[in-house]
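Participant: Show me how the following folds:
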Amino acid sequence: MANKVGTMVGYNIGVDLVDKFNKCKEIGITSCQLNIWNTSIFTSDEHAKIVKDAITETGMTVSSLWAGWSGPCEWNFTAGPDTIGLVPVAYRNIRLNEMKNASDFAEKIGVTHVVTHVGFIPENSSDPEFNGLVVALRHLCRYMKAKGQYFLFETGQETPTTLLRTIQAIGTDNVGINLDTANVILYGRGNPVDALDVFGKYVMDTHIKDGFFPTDGMYLGHECRAGDGKANIPTVVKKLLTEYNYEGPFTIEREISGDQQTVDIIHAKKLIEDAMAEVN
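Facilitator: As a prediction, this is how the structure comes out:
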């Protein structure tokens, strides 16, 4: 299977998805990860039809659904552990149900991979919150397995070893990883090249992104244009292809907006394609 170069596409109420897909095609991108934060969409047959019609009209491939959740969320080292993902007990049950709704929505649009941030997973497996989280995730993964789907952790808040331990503890065979090449750096958890030695066989989708390590104990490091940071993206691409027989997409994420975002996506696309050409 040929690896596609894709990008992130956000969808919300009122968004012209056909236009967004066509703009991707204008720069030679025919694959995307669909990003939805508005959880009300997950229970809407109308929105499922809008997405399916847009896919049919444009020929875009949706590699996976990135599913958001409700409630507070702060992307930092202080409030992040209490607000991000399914780790916080205060929000876990409602977010677990939202993930099941996202699974239902993914089934309606013909997508088998659902991605999210689980949060700051406890590194100590004896921590009672670790077991509670694993039980919740196992329930979700079994729910998704019945639909022929895979649940993917987006890397970030957890160390590579903790992520591997969590996948092993869940114990189902439909769990994978969405490797965000910048997040392991932005959260100070390591680097993507070495992280592959820990969990490479589980990588099923990617966020090709770049950035720098944190220099403040309160805040994440900062993202930058692919190739300008510490992620060593060409090496990640080649390692996935040669050592792990990776067949998934290389999905570009650039966390800015406007014309510069498009310019930087085009730059990242060439960076990826050059690395792929070295392998082929």
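
Participant: Report the beta-bridge partners for Tyr219.
Facilitator: On the basis of DSSP bridges, Tyr219 is bridged to Asp216.

Participant: Tell me, what's the model's pLDDT at it?
Facilitator: Looking at Tyr219, its pLDDT is 98.

Participant: how close does it sit to Gly200?
Facilitator: Taking C-beta to C-beta, to the nearest Å as the measure, Tyr219 falls 29 Å from Gly200. Bear in mind the C-beta positions are built from the backbone N, C-alpha and C, glycine included.

Participant: Those two: who's more crowded?
Facilitator: Shown here are Tyr219 and Gly200; by other C-beta atoms under 10 Å, Gly200 has more neighbours (20 against 14).

Participant: which stretches of the stretch 1-150 of the chain have low pLDDT?
Facilitator: Along the stretch 1-150 of the chain, segments meeting pLDDT under 70 span 1.

Participant: Which stretches in it count as helices?
Facilitator: Assigned by DSSP state H, counting those that start in this stretch, the stretch 1-150 of the chain shows helices spanning 17-26, 45-58, 80-83, 89-109, 128-145.

Participant: For Glu253, find the nearest of those.
Facilitator: Ranking the helices of the stretch 1-150 of the chain by distance to Glu253, with C-beta to C-beta as the measure, places helix 17-26 first at 13.1 Å.

Participant: closest one to Phe151 among the helices of the stretch 1-150 of the chain?
Facilitator: The closest of the helices of the stretch 1-150 of the chain to Phe151 is helix 128-145. By C-beta to C-beta, the value is 5.1 Å.

Participant: Need the contact partners of the closest one.
Facilitator: The contact list for helix 128-145 (C-beta atoms under 8 Å, 6 or more residues apart in numbering) reads 86-87, 89, 92, 96, 99-100, 103, 114, 118, 121-122, 124-125, 150-151, 166, 169-175.

Participant: and the closest residue to Val118 other than its chain neighbours, what does it touch?
Facilitator: Spatial nearest neighbour of Val118, excluding adjacent residues (C-beta to C-beta, 6 or more residues apart in numbering): Gly85 at 4.5 Å. Counting by C-beta under 8 Å, 6+ apart, Gly85 touches Trp69, Arg95, Thr116, His117, Val118, Gly119, Phe120, Gln157.

Participant: Now a PyMOL select for only the buried ones of these.
Facilitator: Typed into PyMOL, the line below selects the buried ones among the contacts of Gly85, using 16 or more other C-beta atoms under 10 Å:
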select buried, resi 69+95+116+117+118+119+120+157
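
Participant: So which of the contacts of Gly85 belong to strands?
Facilitator: Residues of the contacts of Gly85 located in strands (DSSP state E): Thr116.
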